[in-house]
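Novice: the following block contains a protein sequence and its predicted model.
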Amino acid sequence: MPDLAILYEHPQWFAPLFAALDRRGVDHVRLTPDLGWDPADPAPPAPVVLNRIAMSSFLRSDEHPIFFTAALLDHWRRGARVVNGADVLAIDASKARQLSLLAGLGLAIPATRVVHRAADVPAAADAVGFPLVVKANIGGSGAGISRFDNMAELRYAIDAGDLPTSVDGVLLVQDYVPVRDGTITRIETLDRRFLYAIEVAGGGAFDLCPADACVEGSGISMRAVQPSPALVDAAEAIARAMDLDVGGVEVMVDDRDGIARFYDINALSNFVAKPIDVLGWDPHDRLVDYLVGLIEEARA
């Protein structure tokens, strides 16, 4: 049995992680969610399992593995230490649950209403006000987000069947926040502690994925920043509340009132493209340190 199993589906995102594991000589196996599993077989593929299934996987395959993975990770935790396991995945796979968690911690979020029927969207829009965005509850890579500036536009989209759709049928109707300076801050955590932060600008785009496989030719720009102590404390509180082993939170400053509004939690952290250029160090090495520590605990 190898020391580590990595469950993933994107063909490019994890090349830097695999390279870091190879440099350290970590005995690992790379698995994709393509085969069935036996609920009566308690044996996991390794004593430590790292979940790297992306919410945007539904964009790459109609037969996406999101719900399959949740059941599989829940099964594997009978015999393995699962990093970002089923409970984390359940929140990662629901923007509605993320916003509830954030608000429950006393953090500011965009005004939002959660619905599951297109017929309920206009009433939700009345409560939120325009401009607004309609978001898929399960998104990723900016997918399933549409802006509407008035009720006429929204009703036209509803009648035409052009609202965003979510693979779980849930939609968010959310205030469109004018972001100060056109940038958001992504704060990464590891083992529930601050790892690094970057400021990301995307020219108004909703897809602000920072990984190498995302930013090529995208117009996304990134730079390392040191958030205020209040934002660092908030990010760590979110990670603890979610029991998030590794992942990022996204926050934007509302240009209307200067309030920092948290709006997204990403349990799948791709880390930043060209980390040596942006950060001066490679966070994949820190992640491998963390995984090696878990392997040693599991083998003890």
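Specialist: Structure's in. What do you need?

Novice: check the residue sitting nearest the centre point of the chain and give its pLDDT.
Specialist: Closest residue to the average C-alpha location of the chain: residue 266 at 1.9 Å, with CA atoms, centre = their mean. At residue 266, the pLDDT value in this model is 94.

Novice: got it, and residue 64?
Specialist: For residue 64, pLDDT reads 93.

Novice: distance check, residue 121 against residue 7.
Specialist: With distances taken as CB to CB, to the nearest Å, residue 121 is found 35 Å from residue 7. From N, CA and C alone the C-beta is placed, and that goes for glycine too.

Novice: ok, now residue 127?
Specialist: 39 Å.

Novice: of these two, who's got more company?
Specialist: For residue 127 versus residue 7, the count of surrounding residues by other CB atoms under 10 Å is larger for residue 7: 23 against 12.

Novice: pull the strand or helix carrying that one out as CSV, backbone CA atoms only.
Specialist: Taking DSSP states H and E as the definition, residue 7 sits inside strand 4-8. Output of strand 4-8 as CSV, limited to C-alpha atoms (Å, rounded to 0.1, in the frame of the first residue of the first chain):
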residue,chain,number,x,y,z
LEU,A,4,-0.7,8.6,0.0
ALA,A,5,-3.5,8.5,-2.5
ILE,A,6,-4.6,11.5,-4.4
LEU,A,7,-8.1,11.5,-5.9
TYR,A,8,-8.3,14.0,-8.7
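
Novice: ok, back up a step: what's the pLDDT at the nearest residue to the residue nearest to the centre of the chain once chain neighbours are set aside?
Specialist: Excluding the flanking residues, the one nearest residue 266 by CB to CB, 6 or more residues apart in numbering is residue 248, at 4.7 Å. For residue 248, the model assigns a pLDDT of 95.

Novice: residue 248: how many residues sit nearby?
Specialist: 27.

Novice: kindly report the same for the one 10 residues further on.
Specialist: For residue 258, the count of nearby residues is 8 (other CB under 10 Å).

Novice: need the nearest residue in space to it, chain neighbours excluded.
Specialist: Nearest to residue 258 is residue 180, by CB to CB, 6+ apart, at 7.4 Å.

Novice: is it true that the one you found lies in a strand?
Specialist: Yes - per DSSP: H, G, I helix; E, B strand; the rest coil, residue 180 lies within a strand segment.

Novice: before we move on, back to that, who's in contact with the residue nearest to residue 266?
Specialist: By CB atoms under 8 Å, 6 or more residues apart in numbering, the residues touching residue 248 are 186-189, 265-266, 269.

Novice: mind listing which of those residues are in strands?
Specialist: Among these, the members falling in strands (DSSP state E) are 186-189, 265-266.

Novice: for the record, mean pLDDT for the strand holding residue 7?
Specialist: 97.

Novice: who touches that strand?
Specialist: 14, 17-18, 21, 26-33, 44-46, 48-53, 69, 72-73, 80, 291, 295.

Novice: from the residues you listed, which would you call buried?
Specialist: Buried by 16 or more other CB atoms under 10 Å: 14, 17, 21, 26, 28, 31, 33, 44-46, 48-53, 69, 72-73, 80, 291, 295, out of the contacts of strand 4-8.
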